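# 3D model of this:
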Amino acid sequence: MAITKIKEPAFHITGESGWINDPNGLIFYNGQYHAFYQHHPYDTKWGPMHWGHVVSDDLTNWKYLPIALTPGDDFDKNGCFSGSAIVHGDKLWLMYTGFIENQGGESIRQVQCLAESSDGITFKKHGIVIGEELLPEGYAPCDFRDPKIWRYDGSFWCVVAARKIEGRGRILLYRSADLFNWEFVNDIFGADSAGSMIECPDYNEELGVLFFCEQFQPSENGAHLNIHTCRWAVGRIDYSTGLFNEQSRGIVDWGFDVYAPQTFRSKPSVMMGWLNMWDRTVPSEKYGFAGMLTAARSISVKDGRLCQEPIVSCGDVYKATVGEGFEDKAKVGVITVKATELEALDIRMRSDGTNYTSLTLKNGEWVFDRSKSGEEIRGVEKDPDSLNGIRRMPFSGNREVTLTIVMDDFSVEIFEDGRALTSTIYPPDDAVGIELTVKAESCHYERASVALTK
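Numbers count the residues shown, from 1 in each chain. The predicted model follows:
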């Protein structure tokens, strides 16, 4: 059944219509950035997963291409789940999880499949390359998904999310000489995750960072409140043992709505994630779409910590020096606030007097509040902050502070000192006010338009 999309964000990736979730196969190929994503084009609810496909020259303006993978073969008849891409022999190769539902529960089978393309648009499936027989003993074939592939020292490698039978999430490492014949190397942690299942692992060899998502993990005394959390871990895989030597770890995003962060295979310092979250209501369903991808982010590792900055092509810039108070208007754009000796800050975005989204520096931390943002978003978390629309992020305390806010019709992405806080919002169309109150030695405000080509 066709769905008509009657609204969409100005520049964040959505499907042409319907549902999207995890970014897949992020890669630079034939002179363009390619982003694939989990996609159900026939409904605004999760359903049989396809691979949607867009391309870009600048990581901001995206063009739809035909759906790359459609379920229906014996090995993926109920879904083409998440995976990754690699360029080899001038061809673009996709490795993804084929989903066979069977009778559900323990009878589900998830297998790793391969597809190739000579033009980056049409793909030929090759079927299963890592099947149930390559799972080590004691691991569940019903929870075995999301391969991330890379090349190192003449071999192909991939990590795959898995689960121990009667256990919790794991990440398995595999090796191949030719993309088709794989061998199991090791369980890279050798121990259960805190979450009931791990999803979407992404190992970035160039930066020495491992990303992964944990489902239904404890909040660790309120350190993170989303019941599904994305983590980063700085360290290296020891290819001789297949183990990950971890140095430090943290959470990828402090907001409500980021999941499945993935890096571009051939541009390893660029990352995108799903700008939504499981177990949330999605008010945009009535507009014909559900789910977005984040703005592209430049990533690095500094002092053992993941740092992120947004990548958005910008146009005209408005600048102002701020005293104690300042007002502006914008619905879409990139706001930068630079302050020296910052003591207090409160910014209200997408305000119409009744509705607004706020960020406040309070008691040494950033406090984000979407309780008055517009249409209500409900999740399964029952802690006081979640029920009140609150998320918190550490404040750097630096003498020179740069706060960057990426605004689109239905989202805000906030960055300070390399940390990120991202959330969906659904304010009225005419809520465009910006109100900034600040106490600092000096403060400068900039608002850049987004350089859109459509």
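# the one helix or strand E116 maps to pairs with which strands?
For E116, the enclosing helix or strand under DSSP states H and E is strand 109-117. Sheet pairing of strand 109-117 (DSSP bridges) gives strand 91-100 (antiparallel), strand 124-130 (antiparallel).
# right, so those strands: which one is the most enclosed?
strand 91-100 (a mean of 23; mean count of other C-beta atoms under 10 Å). Every residue, glycine included, has its C-beta placed from N, CA and C.
# need the helices for the chain, in chain order.
Ranges of helices in the chain, per DSSP state H, are 384-387.
# quick one, what contacts the residue nearest the centre of it?
For the chain, G273 is the residue whose C-alpha lies nearest the centre (C-alpha atoms, centre = their mean; 1.3 Å). Contacts here follow C-beta atoms under 8 Å, 6 or more residues apart in numbering; on that basis G273 touches P23, C230, V252, D253, V258, Y259, A260, P261, Q262, L293, T294, T422.
# what residues does the strand holding E116 touch?
68-69, 75-76, 80-81, 83, 91-100, 102, 123-132, 141-145, 147, 158, 160, 179-180, 182.
# sorry, back to before: how close does the residue nearest to the centre of the chain sit to W232?
11 Å (C-beta to C-beta, to the nearest Å).
# overlap in contacts, the two.
V252.
# so M272 sits right up against N24, yeah?
No: if you go by C-beta atoms under 8 Å, M272 and N24 don't touch, sitting 10.3 Å apart.
# the two - which one has more neighbours?
Shown here are M272 and N24; by other C-beta atoms under 10 Å, N24 has more neighbours (33 against 25).
# bridged to the more buried one, which residues?
F36.
# what's the answer for E446, then?
Going by DSSP bridges, E446 forms beta bridges with K319, T336.
# residue contacts, it?
V317, Y318, K319, A320, I335, T336, V337, K338.
# dump the strands paired with strand 109-117 into CSV; add mean pLDDT and distance to D430 as well.
Shown next, in CSV, are those (pLDDT from 0 to 100; distance: least, C-beta to C-beta, whole Å):
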stretch, mean pLDDT, distance to D430
strand 91-100, 98, 42
strand 124-130, 98, 48
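# nearest to G325, of those?
With distances scored as C-beta to C-beta, the stretch of these nearest to G325 is strand 91-100 (51.6 Å).
# how does this protein divide into domains?
Under the assignment automatic domain parsing, the domains of the chain span 18-310, 314-450.
# just these: most buried one?
domain 18-310 (a mean of 19).
# overlap of the contact sets of M272 and N24?
Q262.
# so where's the stretch 1-150 of the chain uncertain?
1-2 (pLDDT under 70).
# ok, the stretch 251-400 of the chain next?
Using pLDDT under 70, the stretch 251-400 of the chain has no residue that qualifies.
# tell me which strands the lengthiest strand in the chain pairs with, and in which orientation.
Assignment by DSSP state E gives strand 139-152 as the longest strand of the chain. Strand 139-152 pairs in its sheet with strand 155-164 (antiparallel), by DSSP bridges.
# I'd like the average pLDDT over the partner strand.
Taken as a whole, strand 155-164 has an average pLDDT of 98.
# what is the residue nearest to Y174 when sequence neighbours are not counted paired to in the beta sheet?
Leaving aside its sequence neighbours, Y174 sits nearest to W182 (C-beta to C-beta, 6 or more residues apart in numbering; 4.7 Å). Note on W182: beta-bridge partners by DSSP bridges are S176.
# quick revisit: look up how far R170 lies from the residue nearest to the centre of the chain.
Using C-beta to C-beta, we find G273 at a distance of 22 Å from R170.
# and if you look at L92?
Distance from L92 to R170, counting by C-beta to C-beta: 29 Å.
# please apply the same query to E375.
E375 is 38 Å from R170, by C-beta to C-beta.
# can you check R145 too?
Counting by C-beta to C-beta - R145 and R170 are separated by 12 Å.
# who touches both of these two?
In contact with both R145 and R170: A161, using C-beta under 8 Å, 6+ apart.
# chain neighbours aside, what residue packs nearest to K91?
E116 (5.2 Å).
# ok, S266 - contacts?
Taking C-beta under 8 Å, 6+ apart as the contact definition, S266 lies against I27, F28, Y29, V87.
# among those residues, which ones are in strands?
I27, F28, Y29, V87.
# just checking, the last one touches Y29?
Yes: using C-beta under 8 Å, V87 is in contact with Y29, at 5.7 Å.
# need the contact list for the residue nearest to D417 when sequence neighbours are not counted.
Excluding its sequence neighbours, the residue lying closest to D417 (C-beta to C-beta, 6+ apart) is S396, at 3.5 Å. Contacts for S396 (C-beta under 8 Å, 6+ apart) come out as E416, D417, R419.
# and the second one, its phi and psi?
Its backbone dihedrals place D417 at phi 60, psi 40, with angles given as degrees, to the nearest 10.
# just confirm it contacts M393, I think it does.
No: contact criterion C-beta under 8 Å: D417 and M393 do not qualify, at 9.5 Å.
# the stretch 201-350 of the chain: strands as residue ranges?
Secondary structure of the stretch 201-350 of the chain (DSSP state E, counting those that start in this stretch): strands located at 209-215, 228-238, 243-251, 259-264, 267-274, 289-290, 297-302, 305-310, 314-321, 325-329, 333-340, 344-351.
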